[in-house]
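Here you go, sequence then predicted model.
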Amino acid sequence: MNYDLIIIGSGPGGYVAAIRASQLGMKVGVVERSELGGICLNWGCIPTKSLLKSGQVFNYIKHAADYGVTIEGEAKADFEQMVARSRGVADGMSKGIQFLFKKNKIDHIQGYGKLKSNKIVEVTDAEGKTKELQAKNIILATGARSKELTNLKQDGKKIIGYREAMTLPKKPESMIVVGSGAIGSEFANFYNAIGTKVTLVEFLPNVVPNEDVDVSKQLGRSFKKAGIKVMVGSSVESVDTSGDLCKVVIKTKKGEENHEAEIVLSAVGVTPNVENIGIEECGIELEKGKVKVDEYYKTNIDGVYAIGDIVHGPALAHVASAEGITCVEKMAGLNPEPVNYGNIPACTYTSPEVASVGITEQAAIDAGYEIKVGKFPFTASGKASAAGEKDGFVKLIFDEKYGELLGAHLIGANVTEMIAELVVAKKLETTGHELIKSIHPHPTMSEAVMEAAAAAYGEVIHI
């Protein structure tokens, strides 16, 4: 079969690129060996948010008396039902992609795709049968998998990755989470909320280490207040799984400590899926383990493109989608603006939530900017007080000379919904004074954005 475009992989990079290409008049085929939607819809972004919501609801019930609600009897977390709900949510989203493919006349080719040349993709089905498909252009969108460390070899039972963490047969009594990025912090948050004794181990000095240090420290405090044992500046040296419990040796600044847990969750990052897809055979250039591409995602081989977690840039679903759209629009002869990697929002869906865009305060100083910093705590927010969600703040960083918004760093309830305002503001080169003069509704959590901007310029009202 001949196509204008074949995409290998149907994650948020692949399926979004396919739909946009179809809108632009291309005949598109997507090769996917598993469920449509990739890791994000099936084993990542979506089902984890379902689990986190279940944990949040359970936490609300446990603290119902704080809101004047009396509940007879003891609330219990039905772990199996929480997992079943998350799988149902993921399945529904994957079926939604099937519908979108039919609507946009996109062929879903079930099987394992491998590049044979710049025009041919070989597909191997579940029975081992192969067929070849031809296309004018090919996009590699094969995503990433859980990274494994030599001293944290995953057995899928006692030492697990994110995939197993979503479908454990029963709630573990204790868990050690290694790595406090978004994946590790979210799972630590969820399992702690439903009653698992959680220890979170982070090699760097603070949790969520890519965030502004003020945000990292606040989340660390919130985790400790919630009952999570946080061990920063620490590393797992070894894990012995021979007994009923995992015996874990953790190296700290004060020396080695011995810990035990039912489960060890490795959340130390992801590894791009660049093996066994024809990259080496076709001579596609790699750079530090990822596919080297230009600003429109073209590789060094004519007609072959790559997007998402296998190219350099943040390994985030919305980044892959933006890359896919930019790639196919250029392919179709349009003149899209390249993705601006300096204006990518990052979100962590813990309680409290974390969201950011742009550079941190320290990065701004290191870059030589003269800056103005405004910070507004949710303890001063009427809406946050009414909601019982006073942990956190909004922190904005402006270039003193021009008033440009350099970075926004939020921690608190619903801040993952609030960050889009600041992404748009940054895109439109909005200044601090323009944010101050943009009237925000009262009472809302988003008022904190206006107040933080005002704080930077000495005009804040409510603190």
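Yes, it's here. Residues are numbered from 1 along each chain as shown.

And the helices in this structure?
Under the criterion DSSP state H, the chain carries helices at the ranges 14-23, 38-43, 45-62, 79-103, 162-165, 182-193, 213-226, 317-331, 361-366, 382-387, 415-427, 432-436, 447-456.

which residues are in contact with the last one?
What it means is helix 447-456. With contacts defined as Cβ atoms under 8 Å, 6 or more residues apart in numbering, helix 447-456 is touched by 372-376, 378, 380-381, 383-384, 393-396, 398, 408, 410, 412, 418, 421-422, 432-433, 435-436, 438-441, 460-463. The way it works is simple: take the backbone N, C-alpha and C, and place the C-beta from them, glycine included.

Then the first one?
Applying Cβ under 8 Å, 6+ apart, the external contacts of helix 14-23 come out as 4-5, 7-8, 10, 28, 30, 32, 36-38, 97, 100-101, 104-106, 139, 141, 307-308, 320-321, 324-325, 327-329, 331-332.

Please apply the same query to the fourth one.
Around helix 79-103, the neighbours that count as contacts under Cβ under 8 Å, 6+ apart are 10, 15, 18-19, 30, 35-37, 41-43, 46-48, 50-51, 54-55, 106-108, 166-168, 170-171, 194.

Please repeat the previous calculation with a cut-off of 7 Å.
The contact list for helix 79-103 (Cβ atoms under 7 Å, 6 or more residues apart in numbering) reads 10, 15, 19, 35-37, 41-42, 46-47, 50-51, 54, 108, 166-167, 170-171, 194.

Please apply the same query to the shortest one.
Helix 162-165 has contacts (Cβ under 7 Å, 6+ apart) with 43, 146, 156, 183, 187, 265, 267.

just the CA coordinates of it, formatted as CSV?
Below are the C-alpha coordinates for helix 162-165, written out as CSV (Å, rounded to 0.1, in the frame of the first residue of the first chain):
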residue,chain,number,x,y,z
TYR,A,162,5.6,3.0,36.3
ARG,A,163,3.7,0.5,34.2
GLU,A,164,3.5,-2.1,37.0
ALA,A,165,2.7,0.7,39.6
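
what distance separates that helix from the centre of its chain?
15 Å (Cα atoms, centre = their mean, to the nearest Å).

Dig out what residue 404 forms beta bridges with.
Beta-bridge partners for residue 404, by DSSP bridges, are residue 431.

And it, how close does it get to residue 341?
17 Å (Cβ to Cβ, to the nearest Å).

the more surrounded of the two?
For residue 404 versus residue 341, neighbours defined as other Cβ atoms under 10 Å are more numerous around residue 404 (16 against 12).

State the pLDDT value of the more buried one.
Looking at residue 404, its pLDDT stands at 97.

ok, it to residue 337 distance?
Taking Cβ to Cβ, one finds residue 404 at 19 Å from residue 337.

How about residue 331?
Residue 331 is 15 Å from residue 337, by Cβ to Cβ.

Same question for residue 454.
32 Å.

Looking at those two, which is more packed in?
For residue 454 versus residue 337, the count of surrounding residues by other Cβ under 10 Å is larger for residue 454: 22 against 8.

residues contacting the closest residue to residue 12 other than its chain neighbours?
Nearest residue to residue 12 in three dimensions, chain neighbours excluded: residue 317, at 4.1 Å (Cβ to Cβ, 6 or more residues apart in numbering). Counting by Cβ under 7 Å, 6+ apart, residue 317 touches 12, 40, 45.

how about 10 Å then?
Taking Cβ atoms under 10 Å, 6 or more residues apart in numbering as the criterion, residue 317 is in contact with 11-13, 16, 38-41, 44-46, 143, 308-309.

State the pLDDT value of residue 390.
Residue 390 carries a pLDDT score of 96 in this model.

So it sits against residue 379, correct?
Yes - using Cβ atoms under 10 Å, residue 390 is in contact with residue 379, at 4.8 Å.

which of those two has more neighbours?
Set residue 390 next to residue 379 and count neighbours by other Cβ under 10 Å: residue 390 wins out with 16 against 12.

Quick check: the gap between the residue nearest to residue 400 when sequence neighbours are not counted and residue 357.
Closest residue to residue 400 apart from its sequence neighbours, by Cβ to Cβ, 6+ apart: residue 370 at 4.2 Å. In this view, residue 370 and residue 357 are 21 Å apart by Cβ to Cβ.
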